[in-house]
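[1] I'll drop the sequence and a predicted model, then ask my questions.
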Amino acid sequence: MTEQLENLRNFNHYEFNSNVKVTLAEYIWIDGTGLSLRSKTKVFHHEIKQLSDLEWWTYDGSSTEQANTKWSEIYLKPVVFVRDPFRGAPHLLVLCETYLPDKKTPARYNFRWLAQEIMEKAKEYNPWFGIEQEYYLLKRTGTTHTWPLGWPNGGFPHPQGRYYCSIGERNNFGRALAEAHQRACLNAGLKIAGINAEAAPSQFEFQIGIAQGIEAADHLWLARYILERIGEEFGIDINYDPKPIKGNWSGSGAHFNYSDSKTRSEGGYEYILKTLIPDLEKYHEQSLFLYGSNNIDRLTGAHETSEYGKFTWGDGSRGGSVRVPIITKELGKGYFEDRRPAANIDPYLVGSTIVDITLLGGTYLDKLKQELHKSAQPLQ
């Protein structure tokens, strides 16, 4: 009976009476772990046409690891809204920044304000991103333990090799969820570019992009929210750990494909090789600090990764820190792929790091590191 109740997850059976004229806005924010999202619903008795129609709101930050009980109010500042693919029109998903009661001081793990500042400084170069978000699908095997979907309970499936972009019941576990996620993201209006099964069984990927500036990170966070919500309906946990299964199994990354007006112009390939690659290597260690937690477990030099402490690159190489696609070499211009970021990254930090290094000379790197370090400190 418990399992049956837990799987009654589709809450859309109860349609609104035609006389009910409201807009349900789902306010979404990053919590005090920096890894998870929270949300709650606000009812508006008017249509939301623009961002200014959405009010600032508050929540209990002591329950999200962002405040103590004596000073617990945190403000939500709406920054982006899209269609709600679960409730349908006119309802909305609203991505928010978080602030302390003065409405000026960012709450823990709110880095969007700084990313916005960096993107604004570099806007004349029109940075573009495509983000490849990998993740595992996990199923509960008890009250506290999880194991990858489709794997023998507590055991291991056939070795990797037949699962990447796979078809067939023996090879592909979780396609229905990945497909539902893609459609929901498209219904929401997000810039999702595709999906595929990844190298490990029950591992998938979705791609965000091409998106300009901070939009890429906004859309990735909203796509993660939608994925988690669909996971609720399927009874499946979404896992972004860089190396959830130890041993000879692929970890999960969030590769960043990047270009700007310089790399997309004639001579862009040579510019990437002679200017950007040396800059990326120069700031390799600082970048890794901002590229996700426990990433050292993933960057081993195996399973299409580079070694954690060594910067490498190559044309078409998936074993390097940075891959320069063959098409970029052929055309003499285009983009490169930073393969170092872990699946659990904050895209505001990674996108800002890449833009700062390639366009702003590393001006903001120390500030980015300081803000991450500050958020990671225990609450006072």
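    Everything's here; your move. What you see is a predicted model, and the numbers here were worked out from it, not measured in a lab.

[2] Show me which helix runs longest in this protein.
    helix 215-234 (DSSP state H).

[3] any idea which element C96 lies in?
    strand 92-99 (DSSP states H and E).

[4] after that strand, next one along is what?
    helix 112-121.

[5] tell me the mean pLDDT for that next one?
    Helix 112-121 carries an average pLDDT of 98.

[6] Which neighbouring elements make contact with it?
    helix 215-234, helix 347-359, helix 365-376 (3 or more C-beta pairs under 8 Å, 6 or more residues apart in numbering; DSSP states H and E). For the C-beta atoms, the positions are set from N, CA and C on the backbone; glycine is no exception.

[7] What average pLDDT does the helix or strand containing L186 get?
    In this assignment (DSSP H and E), L186 forms part of helix 175-188. The average pLDDT for helix 175-188 rounds to 97.

[8] tilt between it and helix 215-234?
    130 degrees (axes from the mean of the first three to the mean of the last three C-alpha atoms, to 10 degrees).

[9] Centre of the chain to helix 175-188, how far?
    Centre-to-centre, helix 175-188 and its host chain are 16 Å apart (C-alpha atoms, centre = their mean, to the nearest Å).

[10] now it and strand 92-99, what's the angle there?
    Using the same axes, to 10 degrees: helix 175-188 against strand 92-99 is 80 degrees.

[11] In helix 175-188, which residues are buried?
    By neighbour count on 16 or more other C-beta atoms under 10 Å, the buried set for helix 175-188 is 177-178, 180-182, 184-185, 187-188.

[12] Tell me how far the residue nearest in space to the middle of the chain lies from G130.
    In the chain, the C-alpha nearest the mean C-alpha coordinate belongs to L220, at 4.4 Å (C-alpha atoms, centre = their mean). Per C-beta to C-beta, to the nearest Å, L220 is found 11 Å from G130.

[13] Next, show the common contact partners of those two.
    Applying C-beta atoms under 8 Å, 6 or more residues apart in numbering, one finds that L220 and G130 are jointly contacted by I208.

[14] The stretch 201-350 of the chain: helices as residue ranges?
    Ranges of helices within the stretch 201-350 of the chain are 215-234, 268-271, 277-282, 284-289, 326-331, 347-359, based on DSSP state H, counting those that start in this stretch.

[15] for the buried residues of helix 175-188, which one is nearest G209?
    C185 (12.2 Å; C-beta to C-beta).

[16] Excluding residues flanking it in the chain, which one is nearest that closest one?
    I192 (4.1 Å; C-beta to C-beta, 6 or more residues apart in numbering).

[17] OK, contacts around the one you found?
    182, 185-186, 206-208, 219, 223.

[18] That one pairs with what?
    I208 (DSSP bridges).

[19] ok, L114 - contacts?
    348, 352, 364, 367-368, 371.

[20] my bad, R183
    Counted by C-beta under 8 Å, 6+ apart, R183 has contacts P85.

[21] Give me the distance between it and K139.
    22 Å.

[22] now swap in Q212 and tell me
    Counting by C-beta to C-beta - Q212 and K139 are separated by 37 Å.

[23] between those two, which one's more packed in?
    K139 (19 against 14; other C-beta atoms under 10 Å).

[24] Hmm, P152 and the more buried one touching each other?
    No. With contact defined as C-beta atoms under 8 Å, K139 does not count as touching P152 (11.8 Å).

[25] Much appreciated, bye for now.
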